[in-house]
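> Next come a sequence and a model predicted from it.
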Amino acid sequence: AQKVTQAQTEISVVEKEDVTLDCVYETRDTTYYLFWYKQPPSGELVFLIRRNSFDEQNEISGRYSWNFQKSTSSFNFTITASQVVDSAVYFCALTKGTSGSRLTFGEGTQLTVNP
Amino acid sequence: SAVISQKPSRDICQRGTSLTIQCQVDSQVTMMFWYRQQPGQSLTLIATANQGSEATYESGFVIDKFPISRPNLTFSTLTVSNMSPEDSSIYLCSVGGTGAYEQYFGPGTRLTVT
(Lines give C-alpha, C1' and ligand atoms only; values in the text may rest on other atoms or scores of the structure.)
Protein backbone atom coordinates (compact mmCIF):
# COMPACT_ATOMS: atom_id res chain seq x y z
CA ALA A 1 0.00 0.00 0.00
CA GLN A 2 1.10 3.52 -0.71
CA LYS A 3 0.96 6.41 1.71
CA VAL A 4 1.91 10.06 1.63
CA THR A 5 2.30 12.12 4.79
CA GLN A 6 2.38 15.88 4.94
CA ALA A 7 2.85 16.57 8.62
CA GLN A 8 2.46 20.33 8.31
CA THR A 9 -1.23 21.13 8.20
CA GLU A 10 -0.79 24.88 8.06
CA ILE A 11 2.17 27.19 7.60
CA SER A 12 2.09 30.96 7.84
CA VAL A 13 4.99 33.14 6.72
CA VAL A 14 5.66 36.74 5.92
CA GLU A 15 6.33 37.72 2.36
CA LYS A 16 9.94 37.21 1.19
CA GLU A 17 10.58 34.47 3.72
CA ASP A 18 11.71 31.08 2.48
CA VAL A 19 9.44 28.16 3.33
CA THR A 20 9.81 24.39 3.04
CA LEU A 21 6.88 22.01 2.75
CA ASP A 22 7.62 18.49 3.89
CA CYS A 23 6.47 15.28 2.23
CA VAL A 24 7.25 11.74 3.36
CA TYR A 25 6.06 8.73 1.41
CA GLU A 26 5.75 4.98 1.76
CA THR A 27 5.71 2.48 -1.06
CA ARG A 28 6.85 -1.05 -1.81
CA ASP A 29 7.29 -0.32 -5.49
CA THR A 30 10.80 0.10 -6.84
CA THR A 31 9.54 2.30 -9.64
CA TYR A 32 7.29 5.15 -8.64
CA TYR A 33 6.60 8.80 -9.32
CA LEU A 34 6.20 11.71 -6.96
CA PHE A 35 4.34 14.93 -7.63
CA TRP A 36 3.53 18.29 -6.16
CA TYR A 37 0.27 20.08 -6.93
CA LYS A 38 -0.90 23.56 -5.97
CA GLN A 39 -4.54 24.29 -5.19
CA PRO A 40 -5.25 28.02 -4.99
CA PRO A 41 -8.52 29.29 -3.49
CA SER A 42 -10.19 28.89 -6.89
CA GLY A 43 -10.02 25.12 -6.33
CA GLU A 44 -8.25 23.97 -9.46
CA LEU A 45 -5.27 21.66 -8.99
CA VAL A 46 -2.17 22.90 -10.77
CA PHE A 47 0.56 20.39 -11.58
CA LEU A 48 3.99 21.64 -10.44
CA ILE A 49 6.50 18.82 -10.81
CA ARG A 50 6.99 15.11 -11.41
CA ARG A 51 9.93 13.11 -10.14
CA ASN A 52 10.65 9.43 -10.80
CA SER A 53 12.26 7.11 -8.31
CA PHE A 54 15.46 6.77 -10.32
CA ASP A 55 16.22 10.46 -10.48
CA GLU A 56 17.36 11.96 -7.21
CA GLN A 57 18.65 15.15 -8.70
CA ASN A 58 17.25 18.22 -7.07
CA GLU A 59 15.32 20.51 -9.32
CA ILE A 60 14.95 24.27 -9.37
CA SER A 61 12.36 26.24 -11.27
CA GLY A 62 12.47 29.92 -10.54
CA ARG A 63 11.65 30.40 -6.86
CA TYR A 64 10.64 26.76 -6.48
CA SER A 65 13.00 23.91 -5.66
CA TRP A 66 12.50 20.27 -4.79
CA ASN A 67 14.69 17.95 -2.75
CA PHE A 68 14.14 14.23 -3.34
CA GLN A 69 15.92 11.85 -0.95
CA LYS A 70 15.18 8.13 -1.29
CA SER A 71 17.18 7.34 1.85
CA THR A 72 14.63 9.20 3.95
CA SER A 73 11.64 8.69 1.60
CA SER A 74 11.15 12.41 1.40
CA PHE A 75 10.29 14.84 -1.38
CA ASN A 76 10.35 18.33 0.08
CA PHE A 77 9.36 21.52 -1.65
CA THR A 78 10.96 24.89 -0.95
CA ILE A 79 9.66 28.27 -2.00
CA THR A 80 12.29 30.99 -1.91
CA ALA A 81 11.32 34.60 -1.29
CA SER A 82 7.65 33.72 -0.88
CA GLN A 83 4.95 35.95 -2.32
CA VAL A 84 1.31 36.47 -1.43
CA VAL A 85 0.32 34.68 -4.65
CA ASP A 86 1.96 31.54 -3.30
CA SER A 87 -0.83 31.24 -0.75
CA ALA A 88 -2.57 27.96 -1.51
CA VAL A 89 -2.93 24.37 -0.42
CA TYR A 90 -0.05 22.24 -1.64
CA PHE A 91 -0.44 18.52 -2.15
CA CYS A 92 2.26 15.90 -2.48
CA ALA A 93 1.22 12.77 -4.39
CA LEU A 94 2.58 9.36 -5.31
CA THR A 95 1.86 6.80 -7.99
CA LYS A 96 3.40 3.51 -9.01
CA GLY A 97 5.45 3.31 -12.18
CA THR A 98 2.63 2.16 -14.42
CA SER A 99 1.05 4.77 -16.65
CA GLY A 100 -2.48 5.59 -15.68
CA SER A 101 -2.12 4.38 -12.10
CA ARG A 102 -4.06 6.08 -9.36
CA LEU A 103 -2.57 8.98 -7.45
CA THR A 104 -2.26 8.77 -3.68
CA PHE A 105 -2.42 12.23 -2.16
CA GLY A 106 -1.14 13.56 1.11
CA GLU A 107 -3.45 15.58 3.32
CA GLY A 108 -2.12 18.85 2.01
CA THR A 109 -0.40 21.86 3.58
CA GLN A 110 -2.18 25.20 3.70
CA LEU A 111 0.42 27.89 3.06
CA THR A 112 -0.48 31.47 3.89
CA VAL A 113 1.92 34.20 2.87
CA ASN A 114 1.18 37.47 4.61
CA PRO A 115 2.22 40.84 3.19
CA SER B 1 -1.02 19.27 -21.13
CA ALA B 2 -4.69 18.71 -21.88
CA VAL B 3 -7.29 21.42 -21.37
CA ILE B 4 -10.13 20.13 -19.24
CA SER B 5 -13.49 21.74 -18.60
CA GLN B 6 -16.23 20.76 -16.18
CA LYS B 7 -19.90 21.65 -16.02
CA PRO B 8 -21.42 22.91 -13.86
CA SER B 9 -18.75 24.84 -11.99
CA ARG B 10 -20.95 24.88 -8.91
CA ASP B 11 -24.45 23.95 -7.87
CA ILE B 12 -26.71 23.93 -4.86
CA CYS B 13 -29.02 20.93 -4.76
CA GLN B 14 -31.69 19.57 -2.49
CA ARG B 15 -31.26 16.28 -0.72
CA GLY B 16 -32.69 13.31 -2.53
CA THR B 17 -32.02 14.71 -5.97
CA SER B 18 -29.27 13.79 -8.45
CA LEU B 19 -26.69 15.87 -10.29
CA THR B 20 -24.71 14.95 -13.38
CA ILE B 21 -21.27 16.50 -13.79
CA GLN B 22 -19.68 16.68 -17.20
CA CYS B 23 -15.98 16.54 -17.99
CA GLN B 24 -14.71 17.51 -21.44
CA VAL B 25 -11.11 17.21 -22.65
CA ASP B 26 -9.66 18.93 -25.69
CA SER B 27 -7.76 15.84 -26.81
CA GLN B 28 -8.30 12.10 -26.81
CA VAL B 29 -7.21 10.44 -23.58
CA THR B 30 -7.23 6.84 -22.53
CA MET B 31 -7.98 7.18 -18.86
CA MET B 32 -10.12 9.60 -16.93
CA PHE B 33 -10.44 9.76 -13.18
CA TRP B 34 -13.05 11.18 -10.85
CA TYR B 35 -12.05 12.49 -7.42
CA ARG B 36 -13.97 13.86 -4.47
CA GLN B 37 -12.58 16.50 -2.15
CA GLN B 38 -14.66 17.03 0.97
CA PRO B 39 -14.34 20.40 2.73
CA GLY B 40 -10.87 20.90 4.12
CA GLN B 41 -9.79 17.42 3.08
CA SER B 42 -7.50 15.82 0.57
CA LEU B 43 -8.56 14.21 -2.68
CA THR B 44 -10.08 10.75 -2.74
CA LEU B 45 -10.36 8.74 -5.93
CA ILE B 46 -13.93 7.69 -6.70
CA ALA B 47 -13.36 5.71 -9.88
CA THR B 48 -11.31 5.26 -13.02
CA ALA B 49 -13.15 5.49 -16.32
CA ASN B 50 -11.79 3.93 -19.48
CA GLN B 51 -13.59 4.34 -22.77
CA GLY B 52 -15.47 1.22 -23.80
CA SER B 53 -15.44 -0.48 -20.44
CA GLU B 54 -17.15 -0.25 -17.10
CA ALA B 55 -15.69 2.18 -14.60
CA THR B 56 -13.56 0.76 -11.81
CA TYR B 57 -14.68 1.98 -8.40
CA GLU B 58 -12.55 2.43 -5.30
CA SER B 59 -13.45 0.94 -1.98
CA GLY B 60 -16.32 2.83 -0.42
CA PHE B 61 -17.81 4.03 -3.70
CA VAL B 62 -20.53 2.17 -5.58
CA ILE B 63 -21.99 2.45 -9.04
CA ASP B 64 -25.54 2.98 -7.80
CA LYS B 65 -24.46 6.12 -5.96
CA PHE B 66 -21.91 7.40 -8.48
CA PRO B 67 -22.75 6.11 -11.96
CA ILE B 68 -20.18 7.08 -14.56
CA SER B 69 -20.36 7.20 -18.32
CA ARG B 70 -17.46 7.33 -20.76
CA PRO B 71 -18.97 7.40 -24.25
CA ASN B 72 -15.80 8.49 -26.08
CA LEU B 73 -12.16 9.45 -25.58
CA THR B 74 -12.85 13.12 -24.79
CA PHE B 75 -15.87 13.05 -22.50
CA SER B 76 -17.14 11.57 -19.25
CA THR B 77 -19.94 12.17 -16.79
CA LEU B 78 -20.27 11.49 -13.08
CA THR B 79 -23.70 11.42 -11.48
CA VAL B 80 -24.13 11.93 -7.76
CA SER B 81 -27.39 10.17 -6.95
CA ASN B 82 -29.87 10.55 -4.11
CA MET B 83 -27.76 13.29 -2.61
CA SER B 84 -27.37 14.03 1.08
CA PRO B 85 -25.52 16.90 2.80
CA GLU B 86 -22.52 14.55 3.20
CA ASP B 87 -22.09 14.66 -0.57
CA SER B 88 -21.23 18.35 -0.39
CA SER B 89 -17.74 18.41 -1.91
CA ILE B 90 -15.65 19.49 -4.82
CA TYR B 91 -15.74 16.89 -7.58
CA LEU B 92 -12.78 16.88 -9.93
CA CYS B 93 -12.06 14.97 -13.06
CA SER B 94 -8.53 14.33 -14.23
CA VAL B 95 -6.88 12.75 -17.21
CA GLY B 96 -3.84 10.60 -17.69
CA GLY B 97 -2.67 8.53 -20.59
CA THR B 98 -0.10 6.16 -21.93
CA GLY B 99 3.32 7.37 -20.91
CA ALA B 100 1.89 10.19 -18.83
CA TYR B 101 2.32 9.52 -15.15
CA GLU B 102 1.05 12.84 -13.93
CA GLN B 103 -2.60 13.73 -14.04
CA TYR B 104 -4.10 17.02 -15.11
CA PHE B 105 -7.21 18.22 -13.38
CA GLY B 106 -10.31 20.05 -14.40
CA PRO B 107 -11.44 23.17 -12.51
CA GLY B 108 -13.78 21.15 -10.31
CA THR B 109 -17.48 21.26 -9.53
CA ARG B 110 -18.43 22.67 -6.13
CA LEU B 111 -21.52 20.89 -4.93
CA THR B 112 -23.57 21.96 -1.93
CA VAL B 113 -26.45 19.77 -0.81
CA THR B 114 -29.05 21.33 1.44
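On my side now, so go ahead.
> Given the one helix or strand in chain A whose mean pLDDT sits lowest, what are its sheet partners and their directions?
Least confident helix or strand, chain A: strand A:59-61 with a mean of 88, by mean pLDDT, DSSP states H and E. Using DSSP bridges, the strands paired with strand A:59-61 in its sheet are strand A:64-69 (antiparallel).
> who touches the strand it pairs with?
Strand A:64-69 has contacts (C-beta atoms under 8 Å, 6 or more residues apart in numbering or on different chains) with A:34, A:36, A:48-49, A:51, A:55-60, A:74-80. From N, CA and C alone the C-beta is placed, and that goes for glycine too.
> Flag every buried residue along it.
A:64-68 (16 or more other C-beta atoms under 10 Å in any protein chain shown).
> ranges for the strands of chain A?
Along chain A, the segments classed as strands by DSSP state E run A:3-5, A:10-14, A:19-21, A:24-26, A:32-39, A:46-52, A:59-61, A:64-69, A:74-79, A:88-96, A:104-105, A:109-114.
> contacting residues for B:Asn50?
B:30-32, B:56, B:70.
> ok, and which of those reach chain A?
Restricting the contacts of B:Asn50 to those touching chain A (C-beta under 8 Å from any C-beta of the partner chain) yields B:30-31.
> Please look at A:Gln39 and A:Val89 and confirm they touch.
Yes: under the criterion of C-beta atoms under 8 Å, A:Gln39 makes contact with A:Val89 at 4.4 Å.
> any residues in contact with both of the two?
In contact with both A:Gln39 and A:Val89: A:Gly108, using C-beta under 8 Å, 6+ apart.
> A:Cys23 and chain B, how far apart?
Separation of A:Cys23 from chain B (C-beta to the nearest C-beta, to the nearest Å): 13 Å.
> Greatest separation within the buried residues of strand A:64-69: which pair is it?
The distance between the two most remote of the buried residues of strand A:64-69 (C-beta to C-beta) is 13.4 Å, for A:Tyr64 and A:Phe68.
> The most centrally placed residue in chain B and chain A, how far apart?
Nearest to the geometric centre of chain B sits B:Trp34, at 3.4 Å (C-alpha atoms, centre = their mean). Distance, B:Trp34 to chain A, using C-beta to the nearest C-beta: 11 Å.
> Which helix or strand contains the closest residue to B:Gly52 other than its chain neighbours?
The shortest distance from B:Gly52 to any residue other than its chain neighbours is 7.6 Å, reached at B:Arg70 (C-beta to C-beta, 6 or more residues apart in numbering or on different chains). B:Arg70 belongs to strand B:68-72 when assigned by DSSP states H and E.
> buried stuff in the helix or strand of chain B with the lowest mean pLDDT?
Taking mean pLDDT, DSSP H and E as the measure, chain B has strand B:100-105 as its least confident helix or strand, at a mean of 81. Counting neighbours by 16+ other C-beta under 10 Å, one finds that the buried residues in strand B:100-105 are B:100-105.
> now do stretch A:87-106
Buried residues in stretch A:87-106, counted by 16+ other C-beta under 10 Å: A:87-96, A:100-106.
> where does B:Gln28 fall, helix, sheet strand or coil?
coil (DSSP: H, G, I helix; E, B strand; the rest coil).
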